[in-house]
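Participant: predicted model follows, preceded by the sequence.
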Amino acid sequence: MKTAVVTGASSGIGAATARQLAAQGYRVFCAARRVERIEALAAEIGGVAVTCDITSDDDVARLADAVEGRLDVLVNNAGGALGLEPVSEADLDKWAAMIATNTIGTARVTKALLPALTAAQGIIVFVTSTAADSGYEGGAGYCAAKAGERSIVESLRLELFDQPVRITEICPGMVATEEFSLTRFGGDQSRADKVYDGVAEPLTADDVADTIVYMATRPSHVNIDRVTIRPRAQAAQHKVHRV
Ligand code: 8X3
């Protein structure tokens, strides 16, 4: 049976991806910090829950132990945004936390699981963001963290050009999940809702998961380097159709 690890599997794009990979016949290791959530998800999809904070060396080492030396798919999804303050008012602790998860945490997981992925001729899908493309007002910390994550993708693909492992990236734009904007705004639901105000159909977690699964299930010589995925209503970062 093919195996997959999904980080940040407790909600949103991660949970949707774990469900869709399981539906395709994968045994999914659902990794996240919130144990009740991943245990419920693993029970639902016949997967394995692994409590994992990707900023912890010990947790990530346990995740690597769990896959037992062979892994077909790694979806590096854990991460997120904290705050939307301009640089002049930036909370640098939030920046450090974003870089610790999105960038360094993702590198930690990648490094630990790379031998198992290479052994299986596997694939890594990095879930970055359109925030990795360029800065936007209030986004500097998050954009830096996601651009840093993209740097891992770019270096890794070159470093492993002669190895049997695929290195891919998906960059979602506006996706309405239950937690992304809520986390960004420290639990302020009305501010979170405003992000999607009047947008007829933002992407859903399932829309993104569907593309991740497509990328992961191509033949092993097909490397989809990078996909940008936005709702039709979002022609560009600042060009959003609202009704
Ligand atoms: C999510 C997209 O526009 O909030 O990663 O940076 S955005």
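Facilitator: Done, it's in.
Participant: only C-alpha atoms from now on, for both contacts and neighbour counts.
Facilitator: OK.
Participant: tell me the contacts of the residue most central in space within the chain?
Facilitator: By Cα atoms, centre = their mean, the mean C-alpha position of the chain lies nearest to residue 77, the distance being 1.8 Å. For residue 77, the contacting residues are 6, 7, 8, 9, 13, 14, 126, 127, 128, by Cα atoms under 8 Å, 6 or more residues apart in numbering.
Participant: can you pull the phi/psi pair for it?
Facilitator: Main-chain torsions, residue 77, degrees, to the nearest 10: phi -110, psi -20.
Participant: swap in residue 41?
Facilitator: Taking degrees, to the nearest 10 as the convention, residue 41 sits at phi -60, psi -50.
Participant: count of neighbours near it?
Facilitator: Residues lying near residue 41 (other Cα atoms under 10 Å) number 23.
Participant: my guess is residue 15 contacts residue 22. True?
Facilitator: No: at 10.7 Å, residue 15 does not count as touching residue 22 under the criterion of Cα atoms under 8 Å.
Participant: between these two, which has more neighbouring residues?
Facilitator: residue 15 (26 against 21).
Participant: from residue 7, how far off is that one?
Facilitator: Distance from residue 15 to residue 7, counting by Cα to Cα, to the nearest Å: 9 Å.
Participant: picking up where we left off before, among the contacts of residue 77, which one lies nearest to the ligand?
Facilitator: residue 128 (7.0 Å; Cα to the nearest ligand atom).
Participant: list the beta-bridge partners for the closest residue to the closest one other than its chain neighbours.
Facilitator: Of all residues not flanking residue 128 in the chain, residue 171 sits nearest, at 5.0 Å (Cα to Cα, 6 or more residues apart in numbering). Beta-bridge partners for residue 171, by DSSP bridges, are residue 228.
Participant: what residues does this protein put near the ligand?
Facilitator: 129, 130, 131, 173, 174 (Cα under 6 Å from any ligand atom).
Participant: so what's the fourth one up against?
Facilitator: Pointing back at residue 173 there. 129, 130, 131, 228, 229, 230, 231, 234, 237.
Participant: next one: the first one
Facilitator: With contact taken as Cα under 8 Å, 6+ apart, residue 129 is in contact with 146, 170, 171, 172, 173.
Participant: let's go with 6 Å and repeat that
Facilitator: 171, 172 (Cα atoms under 6 Å, 6 or more residues apart in numbering).
Participant: tell me the pLDDT at it?
Facilitator: Per-residue confidence (pLDDT) for residue 129: 98.
Participant: distance check, it against residue 122.
Facilitator: 22 Å.
Participant: and for residue 225, nearest residue in space, chain neighbours not counted?
Facilitator: Nearest to residue 225 is residue 168, by Cα to Cα, 6+ apart, at 4.7 Å.
Participant: run the chain-centre distance for the helix or strand hosting that neighbour.
Facilitator: Element membership of residue 168 [criterion: DSSP states H and E] is strand 166-172. Its chain's average C-alpha position is 9 Å from that of strand 166-172, according to Cα atoms, centre = their mean, to the nearest Å.
Participant: quick one: contacts of the helix or strand that comes right after that strand?
Facilitator: Sequence-wise, the next helix or strand downstream of strand 166-172 (DSSP H and E) is helix 180-184. Contacts to helix 180-184, defined as Cα under 6 Å, 6+ apart, come from residues 81, 82, 83, 189, 192.
Participant: hey, C-alpha coordinates of helix 180-184 in PDB?
Facilitator: Taking C-alpha atoms only, helix 180-184 is exported to PDB below (Å, rounded to 0.1, in the frame of the first residue of the first chain):
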ATOM      1  CA  PHE A 180      -6.400  30.400   8.000                       C
ATOM      2  CA  SER A 181      -7.800  34.000   8.400                       C
ATOM      3  CA  LEU A 182      -9.100  33.300  11.900                       C
ATOM      4  CA  THR A 183      -5.500  32.400  13.000                       C
ATOM      5  CA  ARG A 184      -4.100  35.300  11.100                       C
END
